[in-house]
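In: this one's structure only:
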């Protein structure tokens, strides 16, 4: 599936900010990559345990063990049984958003690419809200399909807007088009929801972005979409490395540039749209994580994608735990936490890229 959003000009700077001839120079030793992966996996396990144990109310290890064994007797064990799917959803959503952002940076060769910044997340949100308000959409699967379609249409529109004028689709123009689209779609969502008091409260809560409503049923519905999107992105990892060399050289090496970008972008759109449908719009994960992981393992997407998935899970689980403990006995949704972390990071990336012709 090839969309205009995947057709980027070869003149755009690489997301890794590394000249093509210097890619080999920044590759990390295999041992360092393996150690980084093991360290991230260990951190994820620790954060997952903390997420189950800590919240507005702390619980003991006996209750955790009993809840994992299937017992839901008592308030503490009931709380744990609700935290387990919440933690699983945070793991899946963080991994999906990080991989989606990493792929978008690779196919566009744009260091500012991110599902939220490019407006894809808000496009999926608008599609879901319209489905709820105008078409009485109620099923999780319906939300997911609608979110994916909305994400794909928005990606196409942002590319068209960002391609207007001289120079084609530069990183700055794409970012501005994405931000403007997000602002416009946020207004459209408000316009759709305001006359509908019956859905206003639930939609506004979902629109913040969070994993508190995660259930085993919703996870079972979204998991096949996430698996498909992740497999597509991982299979495109090697060709994403080739694209980093530039379109002309990639074509000379036998890569079908447009097809490669189309397939990888489709995987990223599926991941973003599916997660947004079940967790709401959660921003900046796809921007922050790939840049940080790139410092550990270099620009090789064969390592960058899987490590970004694990690091994205760590970030979202950690943000969810933080949101639960900083405002006890209430909580702050994870979308707010990631925005607080990601907005300064976005500004830093913009300032860093300014001198390089952003």
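Out: Perfect, I can see it now. The model shown is predicted, which means the values in this text are computed figures rather than measured ones.
In: CA atoms for contacts and neighbours, from now on please.
Out: Will do.
In: what sits against the closest residue to residue 115 other than its chain neighbours?
Out: Here the nearest residue to residue 115 in space, its sequence neighbours aside, is residue 121; by CA to CA, 6 or more residues apart in numbering that works out to 5.4 Å. For residue 121, the set of contacting residues under the criterion of CA atoms under 8 Å, 6 or more residues apart in numbering consists of 115, 151, 272-273, 276, 281-283.
In: and the gap between residue 121 and residue 316?
Out: Residue 121 sits 16 Å away from residue 316, taking CA to CA, to the nearest Å as the criterion.
In: and the residue nearest the centre of the chain, what helix or strand is that in?
Out: For the chain, the residue nearest the mean C-alpha position is residue 97 (1.6 Å; CA atoms, centre = their mean). In this structure, residue 97 sits in helix 75-108 according to DSSP states H and E.
In: redo the contacts of residue 121 as a markdown table? Include secondary structure, pLDDT and distance to residue 132.
Out: Rendered in a markdown table, the data for the contacts of residue 121 read as follows (DSSP: H, G, I helix; E, B strand; the rest coil; pLDDT from 0 to 100; distance: CA to CA, whole Å):
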| residue | secondary structure | pLDDT | distance to residue 132 |
| --- | --- | --- | --- |
| 115 | coil | 91 | 22 |
| 151 | helix | 95 | 16 |
| 272 | helix | 96 | 19 |
| 273 | helix | 96 | 16 |
| 276 | helix | 95 | 14 |
| 281 | coil | 93 | 16 |
| 282 | coil | 93 | 19 |
| 283 | coil | 89 | 22 |
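In: please identify which of these is nearest to residue 167.
Out: Within the contacts of residue 121, proximity to residue 167 (CA to CA) peaks at residue 115, which comes in at 22.7 Å.
In: got a list of what the closest one touches?
Out: Contacts here follow CA under 8 Å, 6+ apart; on that basis residue 115 touches 97, 100-101, 104, 121, 272, 283-284, 286.
In: before we move on, what about residue 150?
Out: For residue 150, the contacting residues are 120, 123-128, 273, by CA under 8 Å, 6+ apart.
In: quick one on the thing from earlier: of the contacts of residue 121, which is the most crowded?
Out: Highest neighbour count within these: residue 273, with 36 neighbours (other CA atoms under 10 Å).
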